[in-house]
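Visitor: Let's see this in three dimensions:
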Amino acid sequence: MSLDASLDFVRDAVLVFEQGELRFLNAVASELFGIKLERFRSFRAIEVLRNYKLEQLLLVDGETELELAGKTFIARAKVGTLILEDVTFIRQRERELREVMAVLSHEFRTPVTAVKGLLEALLVMETNPSSAVTDTRKRFLELSLLEIERLVRLSEDLTVGFRPQAERTFVLEEVIERVVRLTLEEFGRRGVRVSISGEDLLVRCDPDKLVQALLNLLENAARHGPNPGEVKLSARVENHLVLIRIEDFGQQLENYQNIFDAKKRGVDSSGSGMGLYILKTIVQAWGGNAWGRFTGSGNEFGFSVPSPN
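Guide: Now for the predicted structure:
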């Protein structure tokens with residue numbers, strides 16, 4: 001097999017120029033630039049490449065990255081030989097990795113912030129040894145341990161990829177009580193009250209993921225609703241699903257469809273823009289859906305959870 005024929009099995013596009021004219025191209029380059037193999041010798045470089053970056057690279061030698069025919073390539077030129085490596089998949093994986101790291105960063109921040117607040121409160125309690133404070137200290141330690149356990153599971157996700165959700169059947173109140181305790185200090189400072197209904201319903205999902213979803217929505221409601229003010233959390237069964245709704249009684253937002261996209265933030269938001277994206281990802285993983293709308297009296301965000309009934 002000749003060298004020219006063997007280059008047809010190379011994944012990269014290979015073109016060889018001499019005195020400004022194309023002397024060789026392999027099958028990949030033929031397809032990329034739309035040049036028939038039997039006619040390539042009649043083309044000059046400018047006719048083949050039709051790209052300023054590639055033309056300049058061929059003249060000075062070196063390396064560059066560029067978009068071509070809807071794909072991403074690293075182009076390398078040396079002494080009239082031009083090689084284009086398709087790195088579209090690699091760049092896509094890099095973008096996905098950055099997205100994953102942004103999601104994990106957001107997920108880690110919630111329990112870390114909660115534990116920090118609880119430990120700071122415990123430090124203040126050290127100056128008061130009363131029995132009432134002792135009971136509160138015990139409760140705060142229990143909550144801190146729960147959040148530390150969640151951090152451990154998130155760390156495991158980093159080493160083995162995103163784990164399958166650990167689904168089980170439980171009463172919704174189990175998670176709501178945990179979420180309310182975690183937000184109690186911050187909401188108390190803001191004067192935000194949370195009213196709850198439907199907490200006696202059974203759901204089947206990953207409790208940790210449900211904690212994250214509810215925390216994201218409650219924090220979002222507290223951010224966009226009136227401070228002081230009320231946030232309403234309600235749940236009801238519909239078509240074998242438990243629909244969970246959180247209403248903030250705040251002003252209407254601009255766009256409810258795209259707000260679930262990654263890094264989409266409200267006009268006055270100082271967050272990462274990942275909260276609602278994470279919510280949607282979590283809910284879709286257990287086969288549910290998420291939504292946002294204006295009810296006339298405030299913003300409502302909600303999602304569906306599988307019901308065991």
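
Visitor: max-length helix in the protein?
Guide: Ranked by number of residues, the top helix in the chain under DSSP state H is helix 88-125.

Visitor: Packing partners of it?
Guide: strand 71-78, helix 131-160, helix 172-190, helix 207-224, helix 275-285 (3 or more Cβ pairs under 8 Å, 6 or more residues apart in numbering; DSSP states H and E). All C-beta atoms are positioned from the backbone trio N, CA, C, and that covers glycine.

Visitor: Comparing the ones you listed, which yields the minimum mean pLDDT?
Guide: Ranked by mean pLDDT, the helices and strands packed on helix 88-125 end with helix 131-160 at the bottom, a mean of 67.

Visitor: Return the most buried member of the helices and strands packed on helix 88-125.
Guide: Comparing the helices and strands packed on helix 88-125 by mean neighbour count (mean count of other Cβ atoms under 10 Å), helix 207-224 ranks first with a mean of 23.

Visitor: in its sheet, what does the host helix or strand of residue 193 sit against?
Guide: Assigned by DSSP states H and E, residue 193 falls within strand 192-197. Within its sheet, and counting by DSSP bridges, strand 192-197 is paired with strand 229-238 (parallel).

Visitor: Quick check: what element follows the partner strand along the chain?
Guide: On the C-terminal side of strand 229-238, the nearest following helix or strand under DSSP H and E is strand 241-247.

Visitor: what angle separates that next one from helix 275-285?
Guide: Taking axes from the mean of the first three to the mean of the last three Cα atoms, to 10 degrees, one finds that strand 241-247 is oriented at 170 degrees with respect to helix 275-285.

Visitor: and strand 241-247, what other elements does it pack with?
Guide: Here strand 241-247 touches helix 207-224, strand 229-238, strand 299-306, going by 3+ Cβ pairs under 8 Å, 6+ apart.

Visitor: go again using 6 Å as the cut-off
Guide: For strand 241-247, the packing partners by 3 or more Cβ pairs under 6 Å, 6 or more residues apart in numbering; DSSP states H and E come out as strand 229-238, strand 299-306.

Visitor: Please enumerate residues in contact with it?
Guide: Residues outside strand 241-247 that contact it (Cβ atoms under 6 Å, 6 or more residues apart in numbering): 201, 203, 217, 221, 232-236, 298, 300-305, 307.

Visitor: out of the helices and strands packed on strand 241-247, nearest to residue 137?
Guide: Shortest separation from residue 137 across the helices and strands packed on strand 241-247 is recorded for strand 229-238, at 27.3 Å, computed as Cβ to Cβ.

Visitor: which parts of the closest one are buried?
Guide: Residues of strand 229-238 classed as buried: 229, 230, 231, 232, 233, 234, 235 (neighbour count, 16 or more other Cβ atoms under 10 Å).

Visitor: My read is that the fifth one contacts residue 196, right?
Guide: Just to be clear, that refers to residue 233. Yes. Counting by Cβ atoms under 6 Å, a contact exists between residue 233 and residue 196, whose distance comes to 5.0 Å.

Visitor: what's near enough to touch residue 144?
Guide: Contact partners of residue 144, counting by Cβ under 6 Å, 6+ apart, are 115, 118.

Visitor: how close does it sit to residue 121?
Guide: Noted for residue 144: a distance of 10 Å to residue 121, by Cβ to Cβ, to the nearest Å.
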